[in-house]
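Colleague: Sequence first, then the predicted structure, then my questions.
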Amino acid sequence: MKKVVLTGDRPTGNLHLGHLVGSLQSRVELQHCYDQYVMIADVQALTDYFGNPQKVIDNVLEVVADYIAVGIDPQLTTIFIQSQIPAIPELTAYYMNLTSISRLERNPTVKNEIAQKNFGESVPVGFFCYPVSQVSDITAFKAELIPVGEDQLPMIELSNEIVRRFNRLYNTDCLKESKAYLSNVGRLVGIDGKAKASKSLNNAIFLSDSSKIIKEKVYSMFTDPGHTKVSDSGKVEGNVVFAYLDAFYEEKDEISSLKERYQRGGLGDMVLKALLNDVLQKKIQPIREKREALSKKYLLEICFEGTKKANSVAQNTLFEVKKAIGINYFDI
Ligand code: TRP
């Protein structure tokens, strides 16, 4: 039996190059060695967008299109929609007994989010409990490997605590502990050089961007403000064009020599940007074309089939969990 790998994305926007290096490429590889589940976390997204569900709804198939376009294969990966798995909120009901408000308050990711969202004294319960729901996402599928960024480590720690507590308390081994699988590629910086690439900061290049937009974004990238003349010596560190070449250009020796020339002086930003534009156009064009050829009907079918399979696995775990607690009244 192959180990189960599970990840998820909140469907709040199209995926971009940051997702490609941070998670999508590794999913394309992992699907060959593991039993991989990828969840469209629409319920989790609604903890932010409950007042504007259309934003979440509209992005579900967009994200699935991005998955298929980059090579996530629905024959190898189970793609499913969180809101259609009733076992997840049911498991959450039992897990909520096994953690405390103060434990959830200590989660640094949640703490940051609470500070950013200006909730004041009225943090919604749904938002506050999403990490518990995430424990259900993980355990429903007995996932052992969770490919995520560092901000998700506290969620996995919580999951393992609840798993150990559940198994000990109800004298069972039906739940499995999981491990984070941190991708070794660092986060991709945004084109402004200020922060990681993100939709909300409007500093990302999307997999669905047209060739014209890609070019505009590349030519607007932050480089070295001190490098005003071609003959000036330039900084490589913090230079977004080099960060993207490092992430997407295969010719590593050429990158080294370009860096050297840039630092020495005599290499202009325009030459580098033209090269990067070329590299990114070649990378994104086939993805965009594949994306555009996908019909809504086909994408829905993928979700339907994946969700059906995911439901059967999650129901089975829920059955074991209820049996371990002893609330399986009608089994005889
Ligand atoms: N919290 C994750 C994010 O914001 C998405 C997510 C939901 C997830 N459930 C998950 C990731 C389960 C891994 C496993 O990116």
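Modeller: That came through, no problem. Numbering: from 1, shown residues only.
Colleague: Going by C-alpha atoms from here, please, whenever you check contacts or count neighbours.
Modeller: Fine.
Colleague: wait, does the longest helix along the chain contact the ligand?
Modeller: Assignment by DSSP state H gives helix 296-325 as the longest helix of the chain. No: counting by Cα under 6 Å from any ligand atom, the ligand is not contacted by helix 296-325; separation bottoms out at 13.5 Å.
Colleague: just how off-centre is that helix within its chain?
Modeller: Centroid displacement of helix 296-325 relative to its chain, using Cα atoms, centre = their mean, to the nearest Å, is 20 Å.
Colleague: swap in stretch 47-59?
Modeller: Put simply, stretch 47-59 sits 17 Å off its chain's centre (Cα atoms, centre = their mean).
Colleague: in it, what's buried?
Modeller: The neighbour-count check on stretch 47-59 (16 or more other Cα atoms under 10 Å) flags 47-48, 53, 55-56, 59 as buried.
Colleague: Tell me which residue of the stretch 151-300 of the chain lies closest to the ligand.
Modeller: With Cα to the nearest ligand atom as the measure, Gln152 is the residue of the stretch 151-300 of the chain nearest to the ligand, at 6.5 Å.
Colleague: so what's that residue closest to, chain neighbours aside?
Modeller: Nearest residue to Gln152 in three dimensions, chain neighbours excluded: Thr109, at 7.4 Å (Cα to Cα, 6 or more residues apart in numbering).
Colleague: which residues sit in contact with the one you found?
Modeller: Residues near Thr109 by Cα atoms under 8 Å, 6 or more residues apart in numbering: 151-152, 154.
Colleague: Just give the number of residues close to Gln315.
Modeller: Gln315 has 19 neighbours, counted by other Cα atoms under 10 Å.
Colleague: does it really touch Ala87, like I thought?
Modeller: Yes: contact between Gln315 and Ala87 holds when scored by Cα atoms under 8 Å: they sit 5.8 Å apart.
Colleague: anything in contact with each of those two?
Modeller: The contact sets of Gln315 and Ala87 overlap at Ala140 (Cα under 8 Å, 6+ apart).
Colleague: Give me the neighbour count for the residue of the stretch 151-300 of the chain closest to the ligand.
Modeller: Using other Cα under 10 Å, Gln152 has 18 other residues around it.
Colleague: you'd agree it is in a helix?
Modeller: Yes: the assignment for Gln152 by DSSP: H, G, I helix; E, B strand; the rest coil puts it in a helix.
Colleague: The closest residue to Ser210 other than its chain neighbours - how many residues pack around it?
Modeller: In this structure, Ser210 finds its nearest non-sequential neighbour in Arg288, 7.9 Å apart by Cα to Cα, 6+ apart. For Arg288, the count of nearby residues is 21 (other Cα under 10 Å).
Colleague: Run through the residues that contact Arg288.
Modeller: The neighbourhood of Arg288, defined by Cα under 8 Å, 6+ apart, consists of 69, 207-210.
Colleague: What are the boundaries of the strands in the protein?
Modeller: Under the criterion DSSP state E, the chain contains strands at 4-9, 35-40, 77-81, 145-148, 179-182.
Colleague: and these as JSON lines, adding mean pLDDT and mean neighbour count?
Modeller: Written out in JSON lines, the entries for those read as follows (pLDDT from 0 to 100; neighbours: other Cα atoms under 10 Å):
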{"stretch": "strand 4-9", "mean pLDDT": "97", "mean neighbour count": "22"}
{"stretch": "strand 35-40", "mean pLDDT": "98", "mean neighbour count": "23"}
{"stretch": "strand 77-81", "mean pLDDT": "98", "mean neighbour count": "24"}
{"stretch": "strand 145-148", "mean pLDDT": "92", "mean neighbour count": "21"}
{"stretch": "strand 179-182", "mean pLDDT": "92", "mean neighbour count": "17"}
